[in-house]
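*Asks:* Following is a predicted model, sequence given first.
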Amino acid sequence: MSWREEVEKLNILREQIALGGGPQAIERHKKRGKLTARERIERLLDPDRPALEIGTFAGWELYPEYGTIPAAGTVVKLGYIAGRLCIVVAHDATVKAGAWFPITVRKNLRAQEIALENRIPIIYLVDSAGVFLPMQDEVFPDRFHFGRVFYYNSRLSAEGIPQIAAIMGSCVAGGAYLPILSDDVLIVEGTGSVFLAGPYLVKAAIGEETDEETLGGARTHTEISGVADYRCASDEDCLATIRQIIQKLGKPPRAGFDRTTPQPPKYPPEQIYDILPKDITQPYDMREVLACLLDNSDFVEYKKHYGKTLICGYGRIDGWAVGIVANQRLVVRSGTGEYQIGGVIYSDSADKAARFIMNCNQKRIPIVFLQDVTGFMVGTRAEHGGIIKDGAKMVNVVSNSVVPKFTIVVGNSFGAGNYAMCGRAYDPRLMLAWPSARIAVMGGEQAGKTLLQIRKRQYAKQGKQLTPEEEQALLREIHQRYQRQMHPLYAAARLWVDEIIDPAQTRLWISMGIEMADHNPHIPPFRTGVLQT
């Protein structure tokens, strides 16, 4: 199957996910006079500007005991409202009544992290039954569980980052704090309600009988409690009011990343499908990929003849100046005349990349990492040459980098190579994967052989031996498990990556990502920890 077909398969899955809880749930939702989560976002965003969905595959096949949780029950999009770049979070009440699963919490936190790190407005379209009670122990008490949402609410407010919340359905219990911690609170008459305890709990707790509208409906909170700021007649009225509020926001200061008039690459981005081998373990030239991504295919390569398994240099994407750090999968000859294995980071490559990343920080140039890495070089010669020291230097510099970082997993992303090439743990502004991505501590074949050796030693201590048939069965089991866990859908379901993207759309994602990052002018001075030389 070609990469074009893989992209099409993912697009079909996106269409299924976009149905949320399914046709019957959507019909019930609309009978209450409500738009769906995706319809609300569509009407809120500018129709003539691009919009990017984040976390489409979050929750996919993650909780089989509870059925499907499309998009983790929350739709998140980066787009423009009245010309202003914003992030929008819409709870999907057609999916388990909008209940919050552990991955739902993580997805909402991710949206808030993006708003906080980039200082862009965030809009919450609230319609949720609250915590999914069967999993409350994985949702409620820990540091990055439900309470962190309110912590981020408060931090965003303290930083002066606009937050607008629209109560367009249920908003119950602890979840009531999310909109009320926002700057502007809207509520839709007839469908919106917000209270710490619903009518049944009120009856059980204090014996009082009441109904939802009297307890916490739109009139109650705009005429009596003063909790909400705007009462809206319908979803449409509510969304129009949000647009009017956004229109009047003051213009933010910018970081000032350099941008010129965008130019298309000399080679169409769709050509990437043909450059990548179907067997991603096979070599290809990353420079050909860059020629499909960079404006006019222009690339100023840094230390071209040194550390050849990493490509570093400067270019532009949609007019934005960027630094590129990319793994080279070709087998190349090193400066000493020896051949180096493609996709592996050697000492000279790590040293080169560390210096280049420091240069990008010195020049305030955002960095794009293109990962196709099997790890750092191993063996006696590499260890004697100080591979750990040079790898640590690269990890240190990536960790302390202060300019915006964006990571695209093109192919393999294994072991410490994932870390050094700015994996999720190193806070890239966006972490994206192509359908060709494979993420794991090591490849399935290497893992199988390693675990087989461990098992054989365990058996030997007991005076036993594995038969050849048992060895093959064990290898197959490990390999199949790793193949499933390395697939980009497995990573996207757990939000290890923000989205699986069409390679042909990479320029748009990077461009909007840098525009987003440009909203935060506060770039601290760059410094590193102790570097062993």
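*Replies:* Perfect, I can see it now. Residues are numbered from 1 along each chain as shown.
*Asks:* Against Lys352, how distant is Ala382?
*Replies:* Note on Ala382: its distance to Lys352, by C-beta to C-beta, to the nearest Å, is 16 Å. Where you see a C-beta, it was placed from the backbone N, CA and C, and this is true even at glycine.
*Asks:* Name the residue in those two with the higher neighbour count.
*Replies:* Neighbours around Ala382 and Lys352, counted as other C-beta atoms under 10 Å, are more numerous at Lys352. The numbers are 24 against 17.
*Asks:* what's the closest non-adjacent residue to the more buried one?
*Replies:* Nearest residue to Lys352 in three dimensions, chain neighbours excluded: Gly307, at 3.6 Å (C-beta to C-beta, 6 or more residues apart in numbering).
*Asks:* same question, Glu301
*Replies:* That would be Gly313: by C-beta to C-beta, 6+ apart, it lies 4.0 Å from Glu301.
*Asks:* What is the burial count for the one you found?
*Replies:* Using other C-beta under 10 Å as the criterion, Gly313 is surrounded by 20 other residues.
*Asks:* Next: the one 3 residues further on.
*Replies:* Applying other C-beta under 10 Å, we find 21 other residues in the vicinity of Arg316.
*Asks:* Could you tell me how far the closest residue to it other than its chain neighbours is located from Ala326?
*Replies:* Leaving out its chain neighbours, the residue that sits closest to Arg316 by C-beta to C-beta, 6+ apart is Asp295, at 4.0 Å. Remark: distance between Asp295 and Ala326 (C-beta to C-beta) = 16 Å.
*Asks:* what about Glu383, which SS state?
*Replies:* Secondary structure for Glu383, judged by DSSP: H, G, I helix; E, B strand; the rest coil, is helix.
*Asks:* OK, contacts around it?
*Replies:* Neighbour list for Glu383: empty [criterion: C-beta atoms under 8 Å, 6 or more residues apart in numbering].
*Asks:* Tell me the confidence at it?
*Replies:* pLDDT, Glu383: 92.
*Asks:* Report the beta-bridge partners for the residue nearest to Glu301.
*Replies:* The partner list for Gly313 in beta bridges (DSSP bridges) reads Glu301, Ile324.
*Asks:* Go ahead and confirm it touches Gln328.
*Replies:* No: here Gly313 lies out of contact with Gln328, judged by C-beta atoms under 8 Å, at a distance of 11.8 Å.
*Asks:* what about stretch 179-187, start to end distance?
*Replies:* One end of stretch 179-187 to the other measures 10 Å (C-alpha to C-alpha, to the nearest Å).
*Asks:* gap between it and the chain center?
*Replies:* Counting by C-alpha atoms, centre = their mean, to the nearest Å, stretch 179-187 is centred 26 Å from the centre of its parent chain.
*Asks:* looking only at pLDDT, what's the mean for it?
*Replies:* Average pLDDT, stretch 179-187: 95.
*Asks:* Ok, stretch 117-134 next?
*Replies:* Here the average pLDDT along stretch 117-134 is 94.
*Asks:* likewise stretch 321-335?
*Replies:* Computed over stretch 321-335, the mean pLDDT rounds to 92.
*Asks:* same thing with stretch 157-165?
*Replies:* What stretch 157-165 shows for mean pLDDT is 97.
*Asks:* again, but for stretch 90-105
*Replies:* pLDDT averaged over stretch 90-105 gives 95.
*Asks:* Can you name the element that comes right after the lowest-mean-pLDDT helix or strand in the chain?
*Replies:* Across the helices and strands of the chain, mean pLDDT, DSSP states H and E gives its lowest value to helix 444-461, namely a mean of 79. Counting by DSSP states H and E, the next helix or strand C-terminal to helix 444-461 is helix 468-486.
*Asks:* the inter-axis angle of that next one versus helix 444-461?
*Replies:* 140 degrees (axes from the mean of the first three to the mean of the last three C-alpha atoms, to 10 degrees).
*Asks:* contact partners of helix 468-486?
*Replies:* Among residues not part of helix 468-486, those counted as contacts by C-beta under 8 Å, 6+ apart are 438-440, 443-445, 447-449, 451-452, 455-456, 466, 490.
*Asks:* For Val126, state which of the residues you listed is nearest.
*Replies:* Val126 has its nearest neighbour among the contacts of helix 468-486 in Tyr490, at 30.0 Å by C-beta to C-beta.
*Asks:* Alright, calling it a day.
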